[in-house]
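J.: attaching a predicted model along with its sequence, questions to come.
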Amino acid sequence: MAPPELEVAAVARLLADATDVTLLGHVNPDADALGSALALGLALHRLGKTVRVSFSAPDRAPEALVALDTAHLLVPPSQVPELPPVLVAMDTGSLARLGWLGERVPRIIAEGGHVVVIDHHASNTRYGTHHIVDDRAESTTVLVLRLLDELGVDLDPDIARCLYAGLVTDTSSFRRARPQTHELAARLLAAGVDAEATARPLMDHHPFAWLRMLSTVLGGAQLEPDGARGFGLVHAVVRLRDVAGLRSEDVDSIVDVVRSTAEAEVAVVIKETGDQEWSLSMRAVGRVNVGAAAQALGGGGHRLAAGCTMRGSLEQVLDEVRAALNAAPLL
């Protein structure tokens, strides 16, 4: 694999020559996935390219992220070309995370198209023709900023806001940040980002119904002091009936509350998505590699933040999660 900086130069040349670019985020896109896609999409749009941004599911983007789409680049998946000449997959470690749109990737490559993967997950499978993959990066938006610098694109408030959205969320409001992270943030603020106006809708803005849902879910949370290799496991279950009428971002925020449990190294939120179908979010404080546990369960992610989807009864899912965490490597 070429060093990240060499991949950046190659991808910059490819995008500079392109006339039509499609950018995809993962299913249930978060601020890093859509922030990355929209930041790069805005830059390419302003360079005169035809640009579209999309994702397989759900039907529309989270409400808090729609405001980032100032150039109206977001399109439904039905408007994504069957064989785009240049496809860029953002913040997506595997084809499966692209949903049904990912099924087109092998054919695009077979027909001579280009598939660029820009991602910071350690579990990335490098399924494209070009890769900017660096698991040392705090967010995928950090890698996009490197690419924009290579392209010679100046930051404006709209592009900087998209980049900041991914950076502030993926670092948990800079709690997981290096000195260089704060330097990047300062650069984005200097470009015109209003930090409070950008971060609050993404992280601290919920309807009143969220409080009632949260009380129900937290009331059923369980602490297993001997779980997660003896460092402590806390888990909570979110039933479909609990979240009726709430946004996906409201549900996704639950794990950030559960993870605050002092007695647990690992927090797991198990969200019901269908009949015996579950989506799991895992977080660790710093001792257990939940990325490896999620990968063993068919998912992936980072060492301290990961997820997966599972089928089976709740009891079966919990047993498999316990086993995966007890087998996960220590950090």
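T.: That came in fine, so what should we check first? In this text, all values refer to a predicted model and were calculated from it rather than measured experimentally.

J.: how many other residues sit next to residue 197?
T.: Residues near residue 197, counting by other C-beta atoms under 10 Å, number 10. For the C-beta atoms, the positions are set from N, CA and C on the backbone; glycine is no exception.

J.: those strands in the protein, which residues are they?
T.: Ranges of strands in the chain, per DSSP state E, are 20-24, 50-54, 86-90, 114-119, 130-133, 222-224, 233-238, 266-274, 277-284, 300-301, 305-311.

J.: can you give me the distance of the nearest residue to residue 141 once chain neighbours are set aside to residue 61?
T.: Nearest non-adjacent residue to residue 141, counting by C-beta to C-beta, 6 or more residues apart in numbering: residue 166, 3.3 Å away. From residue 166 across to residue 61, the span is 14 Å (C-beta to C-beta, to the nearest Å).

J.: list the contacts for residue 298?
T.: Taking C-beta atoms under 8 Å, 6 or more residues apart in numbering, we find residue 298 in contact with 308, 309, 310.

J.: nearest to residue 110, of those?
T.: Here the nearest of those to residue 110, counting by C-beta to C-beta, is residue 309; it sits at 27.7 Å.

J.: neighbours of the closest one, how many?
T.: Using other C-beta under 10 Å, residue 309 is surrounded by 15 other residues.

J.: just checking, what's the longest helix in this structure?
T.: helix 31-46 (DSSP state H).

J.: tell me what angle it forms with strand 86-90.
T.: Counting by axes from the mean of the first three to the mean of the last three C-alpha atoms, to 10 degrees, helix 31-46 lies at 150 degrees to strand 86-90.

J.: can you name the residues in contact with the lowest-mean-pLDDT helix or strand in the chain?
T.: Counting by mean pLDDT, DSSP states H and E, the chain has its least confident helix or strand at strand 300-301, which shows a mean of 86. The contact list for strand 300-301 (C-beta under 8 Å, 6+ apart) reads 93-94, 97, 121, 123, 282, 290-291, 294-295, 306-308.

J.: let's see it at 6 Å
T.: 93, 123, 291, 294, 307 (C-beta atoms under 6 Å, 6 or more residues apart in numbering).

J.: now stretch 103-118
T.: Everything outside stretch 103-118 that qualifies as a contact, by C-beta under 6 Å, 6+ apart, is 11, 14, 83, 85-90, 95, 128-132, 140, 143.

J.: mark which of those are buried, thanks.
T.: Buried subset of those (neighbour count, 16 or more other C-beta atoms under 10 Å): 11, 14, 86-90, 95, 128-132, 140, 143.

J.: closest to residue 261 among those?
T.: residue 140 (28.3 Å).

J.: what backbone torsions are found at residue 263?
T.: Per-residue torsions, residue 263: phi -90, psi 0 (degrees, to the nearest 10).

J.: report pLDDT for it.
T.: On pLDDT, residue 263 comes in at 98.
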